[in-house]
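1. Just a sequence and a predicted model for now, questions to come.
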Amino acid sequence: MKKIKPDETRNILRHWQEAVPNDRLAHLVRDAGRAYTRALQLRLAKFGVPFGHWAFLRILWERDGLTQRELSDLAGVMEPTTFAAMKTMEALGYIERRQLPDNKKNMYVHLTPAGRGLKKKLVPLAEDTNHVSIQGLSASEIQTTRHVLLTILNNLAQDE
């Protein structure tokens, strides 16, 4: 499969915007999400961190010691996906999985010093991605965009 270069991507996007100027908001949000993911993925790769580990690390940096099930729920992924990621993250030395002596059912996930140390390296990459994405927007436009996206998320959550 041929790899698409950044210049080709820009041309495709420009063509698409001209061909479908009133594309549905859902498509634009999905495409923006993919662009964010790709931009962060490229940055994380420089540190050898797969994008799939990013969500788990972000959660654990804030709430260390969760069960794998809680981690799955918070990350919005299926438990087998979490299990596979935890196995890899443990092999990389980012986390330790432990059971409590009185509860052999649940597996608790704890960051190692190496896993905690990634925060100082990786969070700036996400901040840089966000900074790049808002170039050319005013503070008011950013605030409006946040309000719109939060309202959409709330509306769709209530529709479930």
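-> Received the coordinates, thanks.

2. which stretches of this structure have low pLDDT?
-> Within the chain, the ranges that satisfy pLDDT under 70 run 1-23.

3. could you redo the last one with a cut-off of 90?
-> Counting by pLDDT under 90, the chain shows low-confidence ranges at 1-28, 30-31, 99-107, 160.

4. Leaving out sequence neighbours, find the closest residue to the spatially most central residue of it.
-> In the chain, the centroid-proximal residue (Cα atoms, centre = their mean) is residue 55; its distance is 4.9 Å. Distance criterion Cβ to Cβ, 6 or more residues apart in numbering; nearest residue to residue 55, sequence neighbours excluded, is residue 75 at 4.5 Å. C-beta here means a position set from N, CA and C on the backbone, and glycine is covered the same way.

5. In contact with the residue nearest to the centre of the chain, which residues?
-> Contacts for residue 55 (Cβ atoms under 8 Å, 6 or more residues apart in numbering) come out as 75-77.

6. Please check those and keep the buried ones.
-> 75, 77 (16 or more other Cβ atoms under 10 Å).
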